[in-house]
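*Asks:* Fold the following.
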Amino acid sequence: MAPQKSPAVVALEQEQAAQNRLPADAELDKGLKDTFPASDPVSTTRTSIPTGAGPAESNIDESPRVAEALAASGDTSSYEGSATEASEEVQALRREVARLRESAAEIGYASVRVAQSEAEVVLDDVRDRVRKRPLAAVGIAALIGYIWGLTR
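*Replies:* A predicted model of the protein is given here:
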């Protein structure tokens, strides 16, 4: 006598047989239909509103209003002091972050100015050398051009 197959095995075999009967395109179409909401194209829009925290946004108060929410619910006994302290600490941290952001921007601008002045000094030095010895400068330029041409 042949062993009885469990209902799970019978269902698996039926499902595999049904899948083997379907062509590959039909399976792809079925998968796309099953995931219809996710298959919609993504909208590619751009906003003209900047998203970075600029100077105008640094004055915005975004701290949580825990004390106000607790006061509205009527239970301020144990949380009022800690919520006020937390709010003050958040404000202090926001001020520190704003100060650090301004310092980083100043350092960046200063380093750009230093690099520009150094480049101007090097350019002035090269101009002075070319004026003092024009034939040597033309010879060096010709040699560099010849070597560049050999490597191409």
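*Asks:* alpha carbons only for contacts and neighbour counts from here, please
*Replies:* Fine.
*Asks:* By mean pLDDT, which helix or strand of the protein comes out lowest?
*Replies:* Within the chain, confidence by mean pLDDT, DSSP states H and E is lowest for helix 66-73 among all helices and strands, at a mean of 62.
*Asks:* C-terminal to it, what's the next element?
*Replies:* helix 80-132 (DSSP states H and E).
*Asks:* counting contacts, what elements does that next one pack onto?
*Replies:* Taking 3 or more Cα pairs under 8 Å, 6 or more residues apart in numbering; DSSP states H and E as contact, the helices and strands that helix 80-132 lies on are helix 66-73, helix 134-151.
*Asks:* pLDDT wise, what is T84 at?
*Replies:* In this model, T84 is scored at 79, pLDDT.
*Asks:* Ok, the one 4 residues further on next?
*Replies:* According to the model's per-residue confidence, E88 sits at a pLDDT of 86.
*Asks:* Same question for E15.
*Replies:* Value for E15, per-residue pLDDT: 86.
*Asks:* again with V130
*Replies:* On pLDDT, V130 comes in at 90.
*Asks:* Same check on G31?
*Replies:* pLDDT, G31: 69.
*Asks:* ditto for the one 4 residues further on
*Replies:* As summarised for this prediction, T35 has a pLDDT of 66.
*Asks:* swap in the one 5 residues further on?
*Replies:* According to the per-residue confidence, D40 scores 55 in pLDDT.
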